[in-house]
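> With the sequence up front, the predicted model follows.
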Amino acid sequence: MWVGLAVGVFGLAMSVVALARGGGYFLVVSRLTFVLPLAVVGTVTTLVAAGVGRKSLNAVMWLGVVAVAGWGWNFLAQWLRWGSAVWGILLPLARPTGLDFRDGLYDPARSFSTALSGWPPLTLLLGRPFTLVSFSTGYAIQVCILVALAIAAAVLSAKLAAKAVCVPDASGQGRKVDWTMIALVTGFWLMTSYGFMFEVERGNIDLYALVFSLASVWLMIRFPKSAWLPAAALAVAIGLKLYPAILLVVLVWRYRWRALVPAVVTILAVMAVGGPANLHHSLTALYSIQAAPVRLGWLNESAAALAHELRHDTSWAPSWILYPLLLVPLTLWGSTLLLLISRGCSDRRVVLAAAACVPVMVVIPTISNDYKLVLSVFPLAVLAAVVATMRREPRMAWIALFGALAFTMVFLAGSSHIIAPSLQTSKYAFQVVLQALLLAVVLLADRRPPQPAPASASMPGKSELARR
(Lines give C-alpha, C1' and ligand atoms only; values in the text may rest on other atoms or scores of the structure.)
Protein backbone atom coordinates (compact mmCIF):
# COMPACT_ATOMS: atom_id res chain seq x y z
CA MET A 1 0.00 0.00 0.00
CA TRP A 2 2.77 2.41 0.92
CA VAL A 3 4.63 1.72 -2.32
CA GLY A 4 1.49 2.47 -4.33
CA LEU A 5 0.91 5.62 -2.30
CA ALA A 6 4.50 6.77 -2.86
CA VAL A 7 4.14 6.26 -6.62
CA GLY A 8 0.83 8.12 -6.69
CA VAL A 9 2.13 11.06 -4.65
CA PHE A 10 5.26 11.26 -6.80
CA GLY A 11 3.21 11.28 -10.00
CA LEU A 12 0.87 13.93 -8.62
CA ALA A 13 3.73 16.12 -7.40
CA MET A 14 5.54 15.92 -10.73
CA SER A 15 2.29 16.70 -12.56
CA VAL A 16 1.91 19.87 -10.47
CA VAL A 17 5.51 20.80 -11.27
CA ALA A 18 4.91 20.25 -15.00
CA LEU A 19 1.81 22.44 -14.90
CA ALA A 20 3.58 25.14 -12.89
CA ARG A 21 6.49 25.33 -15.31
CA GLY A 22 4.15 26.06 -18.23
CA GLY A 23 5.75 26.52 -21.64
CA GLY A 24 2.88 25.90 -24.02
CA TYR A 25 0.19 23.26 -24.35
CA PHE A 26 2.13 20.58 -26.23
CA LEU A 27 5.22 20.97 -24.04
CA VAL A 28 3.10 20.53 -20.90
CA VAL A 29 1.35 17.50 -22.42
CA SER A 30 4.73 15.97 -23.24
CA ARG A 31 5.89 16.44 -19.65
CA LEU A 32 2.68 14.94 -18.28
CA THR A 33 2.83 11.88 -20.54
CA PHE A 34 4.40 9.66 -17.90
CA VAL A 35 3.86 11.40 -14.57
CA LEU A 36 0.07 11.91 -14.72
CA PRO A 37 -0.60 8.20 -15.42
CA LEU A 38 1.73 7.44 -12.50
CA ALA A 39 -0.53 9.50 -10.24
CA VAL A 40 -3.63 7.59 -11.40
CA VAL A 41 -2.06 4.14 -11.34
CA GLY A 42 -0.39 4.75 -7.97
CA THR A 43 -3.69 5.82 -6.43
CA VAL A 44 -5.60 2.83 -7.80
CA THR A 45 -2.82 0.43 -6.77
CA THR A 46 -2.92 1.89 -3.25
CA LEU A 47 -6.65 1.18 -3.02
CA VAL A 48 -6.17 -2.36 -4.29
CA ALA A 49 -3.26 -2.99 -1.92
CA ALA A 50 -5.28 -1.63 0.98
CA GLY A 51 -7.87 -4.31 0.32
CA VAL A 52 -10.62 -2.21 -1.24
CA GLY A 53 -12.25 -5.04 -3.17
CA ARG A 54 -10.38 -8.26 -2.60
CA LYS A 55 -12.45 -10.31 -5.03
CA SER A 56 -11.18 -10.99 -8.53
CA LEU A 57 -14.21 -9.19 -9.97
CA ASN A 58 -13.26 -6.04 -8.10
CA ALA A 59 -9.66 -6.29 -9.32
CA VAL A 60 -10.91 -6.29 -12.91
CA MET A 61 -13.21 -3.37 -12.07
CA TRP A 62 -10.23 -1.38 -10.78
CA LEU A 63 -8.51 -2.03 -14.10
CA GLY A 64 -11.68 -0.65 -15.68
CA VAL A 65 -11.25 2.50 -13.59
CA VAL A 66 -7.71 2.77 -14.94
CA ALA A 67 -9.00 2.33 -18.52
CA VAL A 68 -11.57 5.10 -18.04
CA ALA A 69 -8.96 7.39 -16.50
CA GLY A 70 -6.64 6.67 -19.42
CA TRP A 71 -9.40 7.56 -21.87
CA GLY A 72 -10.01 10.77 -19.96
CA TRP A 73 -6.36 11.78 -20.30
CA ASN A 74 -5.62 10.34 -23.74
CA PHE A 75 -8.73 11.65 -25.50
CA LEU A 76 -11.30 13.52 -23.44
CA ALA A 77 -8.90 16.13 -22.05
CA GLN A 78 -7.61 16.82 -25.58
CA TRP A 79 -11.14 16.99 -27.00
CA LEU A 80 -12.22 19.51 -24.37
CA ARG A 81 -9.29 21.69 -25.41
CA TRP A 82 -9.46 21.34 -29.20
CA GLY A 83 -13.00 20.25 -30.02
CA SER A 84 -13.44 18.61 -33.43
CA ALA A 85 -9.87 19.60 -34.35
CA VAL A 86 -8.66 16.97 -31.88
CA TRP A 87 -8.55 14.33 -34.64
CA GLY A 88 -5.75 16.20 -36.39
CA ILE A 89 -3.92 16.46 -33.06
CA LEU A 90 -4.22 12.80 -32.06
CA LEU A 91 -3.96 11.14 -35.47
CA PRO A 92 -1.63 11.52 -38.47
CA LEU A 93 -4.54 12.21 -40.81
CA ALA A 94 -4.13 11.29 -44.47
CA ARG A 95 -6.15 12.15 -47.53
CA PRO A 96 -8.36 10.58 -48.53
CA THR A 97 -9.64 9.13 -45.26
CA GLY A 98 -9.41 5.37 -45.58
CA LEU A 99 -6.15 5.51 -47.53
CA ASP A 100 -5.08 1.96 -46.64
CA PHE A 101 -8.54 0.65 -47.47
CA ARG A 102 -8.27 2.21 -50.91
CA ASP A 103 -4.68 1.23 -51.68
CA GLY A 104 -4.68 -2.16 -49.97
CA LEU A 105 -8.17 -3.52 -50.57
CA TYR A 106 -10.40 -1.52 -52.91
CA ASP A 107 -8.16 -0.68 -55.86
CA PRO A 108 -6.20 -3.99 -55.87
CA ALA A 109 -9.46 -5.97 -55.73
CA ARG A 110 -10.89 -3.97 -58.61
CA SER A 111 -7.86 -4.77 -60.78
CA PHE A 112 -7.35 -8.16 -59.06
CA SER A 113 -3.65 -7.55 -58.63
CA THR A 114 -1.36 -7.17 -55.62
CA ALA A 115 1.31 -5.50 -57.72
CA LEU A 116 0.71 -2.10 -56.12
CA SER A 117 -0.56 -3.07 -52.66
CA GLY A 118 1.92 -5.81 -51.78
CA TRP A 119 -0.67 -7.31 -49.41
CA PRO A 120 -1.23 -11.10 -49.33
CA PRO A 121 -3.38 -12.50 -52.17
CA LEU A 122 -6.35 -13.36 -49.93
CA THR A 123 -7.01 -9.62 -49.53
CA LEU A 124 -8.11 -9.58 -53.17
CA LEU A 125 -11.08 -11.77 -52.27
CA LEU A 126 -11.76 -9.75 -49.12
CA GLY A 127 -11.84 -6.52 -51.08
CA ARG A 128 -13.88 -7.84 -54.00
CA PRO A 129 -17.36 -7.28 -52.42
CA PHE A 130 -16.45 -3.64 -51.66
CA THR A 131 -15.97 -2.96 -55.37
CA LEU A 132 -19.71 -3.38 -55.91
CA VAL A 133 -20.18 0.08 -54.36
CA SER A 134 -18.28 3.37 -54.55
CA PHE A 135 -15.08 3.93 -52.59
CA SER A 136 -16.73 6.25 -50.03
CA THR A 137 -19.60 3.82 -49.43
CA GLY A 138 -17.18 0.91 -49.21
CA TYR A 139 -15.09 2.75 -46.63
CA ALA A 140 -18.22 3.47 -44.53
CA ILE A 141 -19.04 -0.25 -44.62
CA GLN A 142 -15.45 -1.03 -43.65
CA VAL A 143 -15.73 1.23 -40.58
CA CYS A 144 -18.88 -0.59 -39.46
CA ILE A 145 -17.14 -3.93 -39.93
CA LEU A 146 -14.11 -2.76 -37.94
CA VAL A 147 -16.35 -1.74 -35.04
CA ALA A 148 -18.04 -5.14 -35.10
CA LEU A 149 -14.66 -6.88 -35.27
CA ALA A 150 -13.39 -4.85 -32.30
CA ILE A 151 -16.35 -6.07 -30.24
CA ALA A 152 -15.75 -9.63 -31.41
CA ALA A 153 -12.03 -9.36 -30.56
CA ALA A 154 -12.85 -8.14 -27.03
CA VAL A 155 -15.33 -10.98 -26.47
CA LEU A 156 -13.00 -13.68 -27.85
CA SER A 157 -10.07 -12.27 -25.87
CA ALA A 158 -12.13 -12.33 -22.68
CA LYS A 159 -13.39 -15.88 -23.26
CA LEU A 160 -9.85 -17.08 -23.88
CA ALA A 161 -8.56 -15.11 -20.90
CA ALA A 162 -11.04 -16.93 -18.67
CA LYS A 163 -9.30 -20.15 -19.74
CA ALA A 164 -5.95 -18.80 -18.55
CA VAL A 165 -6.87 -18.26 -14.89
CA CYS A 166 -4.97 -19.91 -12.07
CA VAL A 167 -5.30 -23.57 -11.25
CA PRO A 168 -7.09 -24.67 -8.06
CA ASP A 169 -5.20 -24.18 -4.82
CA ALA A 170 -4.52 -26.86 -2.21
CA SER A 171 -8.12 -26.74 -1.01
CA GLY A 172 -9.33 -27.50 -4.52
CA GLN A 173 -11.19 -24.20 -4.72
CA GLY A 174 -10.00 -22.46 -7.88
CA ARG A 175 -10.72 -18.77 -8.32
CA LYS A 176 -12.73 -17.80 -11.38
CA VAL A 177 -13.23 -14.53 -13.20
CA ASP A 178 -16.30 -13.32 -15.06
CA TRP A 179 -15.35 -13.12 -18.73
CA THR A 180 -18.11 -10.58 -19.39
CA MET A 181 -16.45 -8.08 -17.05
CA ILE A 182 -13.11 -8.61 -18.80
CA ALA A 183 -14.84 -8.14 -22.16
CA LEU A 184 -16.37 -4.85 -21.00
CA VAL A 185 -13.09 -3.51 -19.63
CA THR A 186 -10.86 -4.56 -22.52
CA GLY A 187 -13.56 -3.69 -25.07
CA PHE A 188 -13.76 -0.19 -23.65
CA TRP A 189 -9.97 0.04 -23.69
CA LEU A 190 -9.83 -1.09 -27.33
CA MET A 191 -12.65 1.10 -28.65
CA THR A 192 -11.22 4.24 -27.00
CA SER A 193 -7.57 3.55 -27.84
CA TYR A 194 -5.42 5.47 -30.26
CA GLY A 195 -4.60 2.25 -32.13
CA PHE A 196 -8.27 1.62 -32.90
CA MET A 197 -8.85 5.25 -33.97
CA PHE A 198 -5.85 4.97 -36.28
CA GLU A 199 -7.07 1.62 -37.65
CA VAL A 200 -10.46 3.13 -38.47
CA GLU A 201 -8.97 6.30 -39.97
CA ARG A 202 -6.78 4.28 -42.34
CA GLY A 203 -9.31 1.50 -42.91
CA ASN A 204 -6.68 -1.19 -42.32
CA ILE A 205 -7.40 -4.86 -41.63
CA ASP A 206 -5.40 -5.76 -38.51
CA LEU A 207 -8.65 -6.46 -36.66
CA TYR A 208 -9.60 -9.00 -39.33
CA ALA A 209 -6.33 -10.85 -38.74
CA LEU A 210 -6.72 -10.58 -34.97
CA VAL A 211 -10.22 -12.07 -34.92
CA PHE A 212 -9.23 -15.01 -37.12
CA SER A 213 -6.13 -15.56 -34.95
CA LEU A 214 -8.25 -15.58 -31.79
CA ALA A 215 -10.76 -17.89 -33.48
CA SER A 216 -7.90 -20.28 -34.25
CA VAL A 217 -6.80 -20.34 -30.60
CA TRP A 218 -10.40 -20.87 -29.48
CA LEU A 219 -10.77 -23.76 -31.94
CA MET A 220 -7.57 -25.32 -30.59
CA ILE A 221 -9.32 -25.52 -27.23
CA ARG A 222 -12.74 -26.47 -28.57
CA PHE A 223 -11.46 -29.24 -30.86
CA PRO A 224 -8.35 -30.75 -29.23
CA LYS A 225 -8.40 -33.85 -31.48
CA SER A 226 -8.50 -32.30 -34.97
CA ALA A 227 -6.22 -29.55 -36.26
CA TRP A 228 -8.13 -28.78 -39.47
CA LEU A 229 -10.47 -26.07 -38.19
CA PRO A 230 -7.86 -24.13 -36.15
CA ALA A 231 -5.38 -24.50 -39.01
CA ALA A 232 -7.94 -23.13 -41.47
CA ALA A 233 -8.73 -20.11 -39.25
CA LEU A 234 -5.03 -19.42 -38.74
CA ALA A 235 -4.38 -19.76 -42.49
CA VAL A 236 -7.01 -17.08 -43.15
CA ALA A 237 -5.30 -14.78 -40.61
CA ILE A 238 -1.93 -15.39 -42.31
CA GLY A 239 -3.54 -14.81 -45.70
CA LEU A 240 -4.63 -11.34 -44.56
CA LYS A 241 -1.57 -10.30 -42.57
CA LEU A 242 1.53 -12.47 -42.50
CA TYR A 243 2.54 -11.84 -38.88
CA PRO A 244 0.01 -14.33 -37.32
CA ALA A 245 2.27 -17.07 -38.75
CA ILE A 246 4.09 -17.07 -35.40
CA LEU A 247 1.04 -18.85 -33.95
CA LEU A 248 2.03 -21.91 -35.99
CA VAL A 249 4.35 -22.67 -33.07
CA VAL A 250 1.33 -22.96 -30.77
CA LEU A 251 -0.60 -25.00 -33.34
CA VAL A 252 2.23 -27.52 -33.73
CA TRP A 253 2.68 -27.72 -29.95
CA ARG A 254 -1.03 -28.40 -29.47
CA TYR A 255 -1.40 -31.10 -32.13
CA ARG A 256 2.18 -32.30 -32.68
CA TRP A 257 2.69 -34.02 -36.05
CA ARG A 258 -1.08 -34.00 -36.72
CA ALA A 259 -0.87 -30.23 -37.36
CA LEU A 260 1.61 -30.45 -40.24
CA VAL A 261 -0.69 -31.55 -43.08
CA PRO A 262 -3.62 -29.24 -42.13
CA ALA A 263 -1.28 -26.26 -41.71
CA VAL A 264 0.54 -26.82 -45.02
CA VAL A 265 -2.63 -27.52 -47.01
CA THR A 266 -4.64 -24.57 -45.68
CA ILE A 267 -1.81 -22.05 -45.95
CA LEU A 268 -0.99 -23.11 -49.52
CA ALA A 269 -4.69 -22.84 -50.38
CA VAL A 270 -5.10 -19.25 -49.11
CA MET A 271 -1.82 -18.17 -50.70
CA ALA A 272 -2.81 -19.60 -54.08
CA VAL A 273 -6.25 -17.98 -54.34
CA GLY A 274 -4.91 -15.04 -56.34
CA GLY A 275 -2.80 -17.07 -58.70
CA PRO A 276 1.00 -17.42 -58.95
CA ALA A 277 1.54 -13.88 -60.30
CA ASN A 278 -0.16 -12.21 -57.34
CA LEU A 279 1.66 -14.47 -54.89
CA HIS A 280 4.95 -13.47 -56.51
CA HIS A 281 4.04 -9.77 -56.25
CA SER A 282 3.20 -10.16 -52.55
CA LEU A 283 6.40 -12.02 -51.68
CA THR A 284 8.52 -9.55 -53.67
CA ALA A 285 6.92 -6.60 -51.89
CA LEU A 286 7.41 -8.26 -48.49
CA TYR A 287 11.09 -8.86 -49.18
CA SER A 288 11.65 -5.30 -50.39
CA ILE A 289 9.92 -3.83 -47.32
CA GLN A 290 11.92 -5.93 -44.88
CA ALA A 291 15.22 -5.29 -46.69
CA ALA A 292 14.75 -1.56 -47.30
CA PRO A 293 16.41 0.94 -44.94
CA VAL A 294 14.07 2.07 -42.18
CA ARG A 295 13.08 5.68 -42.62
CA LEU A 296 12.78 7.97 -39.63
CA GLY A 297 9.23 7.88 -38.33
CA TRP A 298 7.47 8.17 -35.00
CA LEU A 299 4.49 5.95 -35.75
CA ASN A 300 6.27 2.62 -36.10
CA GLU A 301 6.59 0.30 -33.07
CA SER A 302 9.16 -2.10 -34.46
CA ALA A 303 12.60 -2.70 -33.00
CA ALA A 304 14.15 -1.60 -36.30
CA ALA A 305 12.32 1.74 -36.16
CA LEU A 306 13.39 2.38 -32.57
CA ALA A 307 17.01 1.52 -33.41
CA HIS A 308 16.91 3.96 -36.32
CA GLU A 309 15.47 6.70 -34.10
CA LEU A 310 18.07 6.09 -31.41
CA ARG A 311 20.92 6.32 -33.91
CA HIS A 312 19.40 9.49 -35.37
CA ASP A 313 18.61 11.30 -32.11
CA THR A 314 21.34 10.25 -29.70
CA SER A 315 25.09 10.31 -29.73
CA TRP A 316 25.55 7.14 -27.71
CA ALA A 317 23.54 4.57 -29.70
CA PRO A 318 25.98 2.22 -31.52
CA SER A 319 25.39 0.88 -35.03
CA TRP A 320 24.55 -2.56 -33.63
CA ILE A 321 21.78 -1.35 -31.29
CA LEU A 322 19.18 -3.20 -33.37
CA TYR A 323 20.44 -6.63 -32.30
CA PRO A 324 19.74 -6.33 -28.55
CA LEU A 325 16.41 -4.66 -29.34
CA LEU A 326 15.47 -7.78 -31.29
CA LEU A 327 17.08 -10.20 -28.86
CA VAL A 328 15.25 -9.01 -25.72
CA PRO A 329 11.65 -9.69 -26.87
CA LEU A 330 12.69 -12.91 -28.62
CA THR A 331 14.42 -14.14 -25.45
CA LEU A 332 11.39 -13.33 -23.30
CA TRP A 333 9.10 -15.02 -25.81
CA GLY A 334 11.30 -18.10 -26.08
CA SER A 335 11.64 -18.38 -22.30
CA THR A 336 7.87 -18.16 -21.85
CA LEU A 337 7.19 -20.85 -24.43
CA LEU A 338 9.91 -23.15 -23.09
CA LEU A 339 8.47 -22.90 -19.58
CA LEU A 340 4.96 -23.63 -20.79
CA ILE A 341 6.05 -26.51 -23.02
CA SER A 342 8.09 -28.06 -20.21
CA ARG A 343 5.00 -28.10 -17.96
CA GLY A 344 2.77 -29.87 -20.46
CA CYS A 345 0.05 -28.81 -22.86
CA SER A 346 -3.31 -27.65 -21.47
CA ASP A 347 -6.01 -25.17 -22.42
CA ARG A 348 -4.60 -22.58 -20.03
CA ARG A 349 -1.08 -22.88 -21.37
CA VAL A 350 -2.22 -22.74 -24.99
CA VAL A 351 -3.86 -19.37 -24.24
CA LEU A 352 -0.80 -18.08 -22.40
CA ALA A 353 1.49 -19.18 -25.24
CA ALA A 354 -0.72 -17.51 -27.85
CA ALA A 355 -0.82 -14.27 -25.83
CA ALA A 356 2.97 -14.33 -25.56
CA CYS A 357 3.19 -14.37 -29.36
CA VAL A 358 1.34 -11.06 -29.80
CA PRO A 359 4.09 -8.60 -28.73
CA VAL A 360 6.49 -10.40 -31.09
CA MET A 361 4.04 -9.75 -33.93
CA VAL A 362 4.41 -6.04 -33.23
CA VAL A 363 8.12 -5.47 -32.58
CA ILE A 364 9.87 -7.93 -34.91
CA PRO A 365 8.57 -6.90 -38.38
CA THR A 366 10.35 -3.88 -39.85
CA ILE A 367 7.06 -2.07 -40.45
CA SER A 368 4.65 -2.05 -37.49
CA ASN A 369 2.49 1.02 -37.77
CA ASP A 370 0.58 2.16 -34.71
CA TYR A 371 -2.74 0.71 -35.82
CA LYS A 372 -1.24 -2.67 -35.02
CA LEU A 373 -1.63 -1.71 -31.35
CA VAL A 374 -5.16 -3.14 -31.53
CA LEU A 375 -3.53 -6.57 -31.20
CA SER A 376 -2.62 -5.73 -27.59
CA VAL A 377 -6.20 -6.28 -26.44
CA PHE A 378 -5.56 -10.04 -26.28
CA PRO A 379 -2.50 -10.11 -23.98
CA LEU A 380 -4.04 -7.33 -21.87
CA ALA A 381 -7.20 -9.41 -21.36
CA VAL A 382 -5.15 -12.49 -20.45
CA LEU A 383 -3.02 -10.53 -17.99
CA ALA A 384 -6.10 -8.93 -16.44
CA ALA A 385 -7.71 -12.32 -15.87
CA VAL A 386 -4.59 -13.99 -14.47
CA VAL A 387 -3.51 -11.10 -12.25
CA ALA A 388 -7.06 -10.76 -10.90
CA THR A 389 -7.30 -14.45 -9.93
CA MET A 390 -3.75 -15.44 -8.99
CA ARG A 391 -2.67 -15.85 -5.39
CA ARG A 392 -1.60 -12.54 -3.93
CA GLU A 393 1.39 -13.91 -2.11
CA PRO A 394 4.09 -12.68 -2.25
CA ARG A 395 2.09 -9.49 -1.87
CA MET A 396 4.73 -7.15 -3.29
CA ALA A 397 5.08 -9.20 -6.47
CA TRP A 398 1.31 -9.13 -7.04
CA ILE A 399 1.09 -5.38 -6.46
CA ALA A 400 4.00 -4.82 -8.86
CA LEU A 401 2.24 -6.90 -11.53
CA PHE A 402 -1.03 -5.04 -11.05
CA GLY A 403 0.61 -1.60 -11.16
CA ALA A 404 2.72 -2.44 -14.22
CA LEU A 405 -0.33 -3.80 -16.06
CA ALA A 406 -2.40 -0.71 -15.21
CA PHE A 407 0.33 1.70 -16.34
CA THR A 408 0.87 -0.26 -19.57
CA MET A 409 -2.86 -0.10 -20.33
CA VAL A 410 -2.87 3.69 -20.03
CA PHE A 411 0.21 4.24 -22.14
CA LEU A 412 -0.63 1.78 -24.94
CA ALA A 413 -3.99 3.53 -25.40
CA GLY A 414 -2.43 6.99 -25.78
CA SER A 415 -1.62 8.81 -29.00
CA SER A 416 1.91 8.66 -30.38
CA HIS A 417 1.20 11.66 -32.58
CA ILE A 418 0.46 14.37 -30.04
CA ILE A 419 4.02 14.56 -28.71
CA ALA A 420 5.86 13.57 -31.90
CA PRO A 421 8.63 13.67 -32.82
CA SER A 422 10.02 12.21 -29.61
CA LEU A 423 11.33 8.91 -28.32
CA GLN A 424 8.45 9.06 -25.83
CA THR A 425 6.12 8.15 -28.67
CA SER A 426 7.67 4.70 -29.23
CA LYS A 427 5.63 1.95 -27.60
CA TYR A 428 8.27 -0.69 -28.25
CA ALA A 429 9.25 -0.70 -24.57
CA PHE A 430 5.67 -1.34 -23.47
CA GLN A 431 5.34 -4.26 -25.86
CA VAL A 432 8.43 -5.70 -24.15
CA VAL A 433 6.78 -4.99 -20.78
CA LEU A 434 3.75 -7.02 -21.92
CA GLN A 435 6.13 -9.85 -22.83
CA ALA A 436 7.84 -9.63 -19.44
CA LEU A 437 4.52 -9.57 -17.56
CA LEU A 438 3.36 -12.69 -19.39
CA LEU A 439 6.58 -14.44 -18.40
CA ALA A 440 6.09 -13.28 -14.80
CA VAL A 441 2.56 -14.66 -14.54
CA VAL A 442 3.75 -17.96 -16.00
CA LEU A 443 6.42 -18.13 -13.29
CA LEU A 444 4.11 -17.03 -10.46
CA ALA A 445 0.66 -18.32 -11.40
CA ASP A 446 1.06 -21.31 -13.73
CA ARG A 447 1.39 -24.13 -11.24
CA ARG A 448 0.54 -27.79 -11.57
CA PRO A 449 -2.72 -28.62 -9.78
CA PRO A 450 -2.18 -30.29 -6.42
CA GLN A 451 -2.37 -34.03 -6.65
CA PRO A 452 -4.81 -35.73 -4.25
CA ALA A 453 -3.36 -38.30 -1.91
CA PRO A 454 -3.66 -41.88 -3.17
CA ALA A 455 -6.63 -43.80 -1.86
CA SER A 456 -4.37 -46.43 -0.35
CA ALA A 457 -2.59 -43.76 1.68
CA SER A 458 -5.74 -42.20 3.10
CA MET A 459 -8.10 -45.20 3.55
CA PRO A 460 -7.25 -48.50 5.24
CA GLY A 461 -7.37 -51.57 3.04
CA LYS A 462 -9.44 -54.71 3.63
CA SER A 463 -6.60 -56.60 5.29
CA GLU A 464 -5.97 -53.71 7.64
CA LEU A 465 -9.66 -53.55 8.58
CA ALA A 466 -9.72 -57.31 9.16
CA ARG A 467 -6.62 -57.15 11.35
CA ARG A 468 -8.15 -54.35 13.41
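Looks like it arrived, so ask away.

> okay, now residue 285: neighbour count?
The tally of other residues near residue 285 (other C-beta atoms under 10 Å) stands at 17. C-beta: built from backbone N, CA, C; applies to glycine.

> Give me the mean pLDDT for the helix or strand containing it.
Assigned by DSSP states H and E, residue 285 falls within helix 275-291. The average pLDDT for helix 275-291 rounds to 82.

> which regions of this structure lie under the pLDDT threshold?
Applying pLDDT under 70 to the chain flags the ranges 52-57, 166-176, 290-298, 420-422, 446-468.

> If we use 50, what do you get?
Scanning the chain with the threshold set as pLDDT under 50 gives 53, 170-174, 449-468.

> before we move on, back to that, now do the buried residues in the helix holding residue 285.
Buried residues in helix 275-291, defined by neighbour count with 16 or more other C-beta atoms under 10 Å: 278-279, 281-283, 285-286.

> Show me the contact partners of that helix.
Contacts to helix 275-291, defined as C-beta atoms under 8 Å, 6 or more residues apart in numbering, come from residues 112-115, 117-121, 124, 242, 271-272, 274, 365-367.

> mind listing what's buried in the helix or strand just after that helix?
The first helix or strand that comes after helix 275-291 along the chain, using DSSP H and E, is helix 303-313. Residues of helix 303-313 classed as buried under the neighbour-count rule (16+ other C-beta under 10 Å) are 303-311.

> and the helix or strand just after helix 303-313, which residues are buried?
Remark: after helix 303-313, the chain's next helix or strand is helix 322-342, criterion DSSP H and E. Residues 322, 325-326, 328-329, 332-333, 335-337, 339-340 are the ones in helix 322-342 that count as buried (16+ other C-beta under 10 Å).

> other SSEs contacting helix 322-342?
helix 248-255, helix 303-313, helix 347-363, helix 428-445 (3 or more C-beta pairs under 8 Å, 6 or more residues apart in numbering; DSSP states H and E).

> how about the longest one: buried residues?
In terms of neighbour count (16+ other C-beta under 10 Å), helix 428-445 has its buried residues at 428, 430-442, 444-445.

> ok, now stretch 99-114?
Residues 99-109, 113-114 are the ones in stretch 99-114 that count as buried (16+ other C-beta under 10 Å).

> cool, and stretch 190-205?
Counting neighbours by 16+ other C-beta under 10 Å, one finds that the buried residues in stretch 190-205 are 190-205.

> Near residue 81, how many other residues are there?
Neighbours of residue 81 under the rule other C-beta under 10 Å: 12.

> what residues are up against it?
Contact criterion C-beta under 8 Å, 6+ apart gives residue 25 as the residues in contact with residue 81.

> and the two most separated of the buried residues of stretch 190-205?
The two members of those with the most space between them (C-beta to C-beta) are 192 and 205, at 20.6 Å.

> As a check, name the ranges of all helices in the stretch 1-150 of the chain.
Ranges of helices in the stretch 1-150 of the chain, per DSSP state H, counting those that start in this stretch, are 2-21, 25-49, 56-71, 77-82, 86-90, 99-100, 107-111, 122-127, 135-162.

> now those helices as JSON lines including distance to residue 348?
Formatted as JSON lines, the helices of the stretch 1-150 of the chain follow (distance: least, C-beta to C-beta, whole Å):
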{"stretch": "helix 2-21", "distance to residue 348": "29"}
{"stretch": "helix 25-49", "distance to residue 348": "24"}
{"stretch": "helix 56-71", "distance to residue 348": "15"}
{"stretch": "helix 77-82", "distance to residue 348": "39"}
{"stretch": "helix 86-90", "distance to residue 348": "37"}
{"stretch": "helix 99-100", "distance to residue 348": "36"}
{"stretch": "helix 107-111", "distance to residue 348": "40"}
{"stretch": "helix 122-127", "distance to residue 348": "31"}
{"stretch": "helix 135-162", "distance to residue 348": "10"}
